[in-house]
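S.K.: All I have is the shape, not the residue letters:
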């Protein structure tokens, strides 16, 4: 039986220029409401903290203190989501807690422009209360978009956790490259979007025709060399370079999970 949080979930498909298709699971209204609730509590907590700090000023200068509080509350109400979604890859504290993320319809991360547009429309989406207008818009929208999302060209999706096959996570040969500190440092600088493209290509390569497969890995290999500074030895194929990067990324992810488990309270 489907959980309540996934009843209204849908799928958003994106086909990249490299012929890799991404299937993003859209966040349902239930999980988005819970994320908003967490963010609202965080906002209230910040407001209370600010109110406590400003209480001394308000006692001495009542008019000025009250005006200052409303200015600060405005900055929290509007700036909280804009700042976090811009610099935290489309997530706020509430979205992080519920495993949600805002991305562009094209599948890449949002920027400041998108965060501002989708949040400036929130007063309209809130009408008449509890995001009723925005909720109705999300229900009738194929991509579960409220008006702010339609304006900014964004969608809210569930964070994906790709399972890496053992053949990719533990490739045969080329141990020297995988152990090279320079190679590892360049792997560490890859963005989450680049990681997803590399993983998707590695996992789905057998589904592609030979021509599309060669073109895909040639494009990815060239990007890794030109934009990320990777060096491809002459004996190494384009596909092998991408698979080695995928293996290094998988190893880093496994190490992070292992450290998180060790730090977790018993």
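M.R.: Arrived safely. Only a predicted model underlies this, so the values are computations on that prediction, with no experimental measurement involved.
S.K.: so where is the stretch 51-200 of the chain shaky, pLDDT-wise?
M.R.: Residue ranges of the stretch 51-200 of the chain with pLDDT under 70: 65, 160-174.
S.K.: Can you show me the strands along it?
M.R.: Using DSSP state E, counting those that start in this stretch, the strands of the stretch 51-200 of the chain run over 100-104, 154-158.
S.K.: closest to residue 142 out of those strands?
M.R.: Residue 142 lies closest to strand 154-158 among these, at 10.2 Å (Cβ to Cβ). Quick note: C-beta positions are derived from backbone N, CA and C, even for glycine.
S.K.: what's the closest one in contact with?
M.R.: Residues from elsewhere that reach strand 154-158, judged by Cβ atoms under 8 Å, 6 or more residues apart in numbering: 9, 12, 24-27, 31-32, 90, 95, 99-105, 110, 114, 118, 143-145, 148-149.
S.K.: now that strand, how far from the centre of its chain.
M.R.: The chain centroid and the centroid of strand 154-158 are separated by 9 Å under Cα atoms, centre = their mean, to the nearest Å.
S.K.: Which positions within it qualify as buried?
M.R.: Residues of strand 154-158 classed as buried by neighbour count (16 or more other Cβ atoms under 10 Å): 154-158.
S.K.: Figure out how far the longest helix seen in the chain is from the centre of its chain.
M.R.: Determined from DSSP state H, the single longest helix within the chain is helix 29-60. Centre-to-centre, helix 29-60 and its host chain are 24 Å apart (Cα atoms, centre = their mean).
S.K.: related to what we said a few turns ago, keep only those of the contacts of strand 154-158 that are in helices.
M.R.: Secondary structure from DSSP H places 31-32, 95, 114, 118, 148-149 of the contacts of strand 154-158 in helices.
S.K.: any chance of the residues you listed in TSV, plus neighbour count?
M.R.: Listed next are those as TSV, based on neighbours: other Cβ atoms under 10 Å:
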residue	neighbour count
31	24
32	24
95	26
114	24
118	26
148	22
149	24
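S.K.: Relative to residue 192, which of those residues is nearest.
M.R.: Relative to residue 192, and with distances defined as Cβ to Cβ, the nearest of the ones in helices among the contacts of strand 154-158 is residue 95, at 14.4 Å.
S.K.: The residue nearest to that closest one when sequence neighbours are not counted and residue 63, how far apart?
M.R.: Take residue 95 and drop its neighbours on the chain: the residue closest to it by Cβ to Cβ, 6 or more residues apart in numbering is residue 35, 4.8 Å away. Applying Cβ to Cβ, to the nearest Å, the value for residue 35 to residue 63 is 37 Å.
S.K.: For these two, work out which one has more neighbours and name it.
M.R.: Taking neighbours as other Cβ atoms under 10 Å, residue 35 and residue 63 compare with residue 35 leading, 22 against 8.
S.K.: Against residue 133, how distant is residue 147?
M.R.: From residue 147 across to residue 133, the span is 7 Å (Cβ to Cβ).
S.K.: Residues in contact with both of those two, list them for me.
M.R.: What both residue 147 and residue 133 touch, as defined by Cβ under 8 Å, 6+ apart, is the set 124-125.
S.K.: Assess the claim that residue 23 and residue 11 are in contact.
M.R.: Yes. Residue 23 lies in contact with residue 11 (Cβ atoms under 8 Å); the separation is 5.5 Å.
S.K.: buried set for stretch 25-45?
M.R.: For stretch 25-45, the neighbour count (16+ other Cβ under 10 Å) marks 26-36, 38-39, 42-43 as buried.
S.K.: cool, and stretch 75-85?
M.R.: Residues 76-77, 80-82, 84-85 are the ones in stretch 75-85 that count as buried (16+ other Cβ under 10 Å).
S.K.: count of neighbours near the closest residue to residue 132 other than its chain neighbours?
M.R.: When the adjacent residues along the chain are set aside, residue 132 lies closest to residue 126, with 7.9 Å between them (Cβ to Cβ, 6+ apart). Per other Cβ under 10 Å, the neighbour tally for residue 126 reads 15.
S.K.: Please name the residues that touch residue 118.
M.R.: Contact analysis of residue 118 by Cβ under 8 Å, 6+ apart lists 85, 102, 110, 148-149, 151-152, 154.
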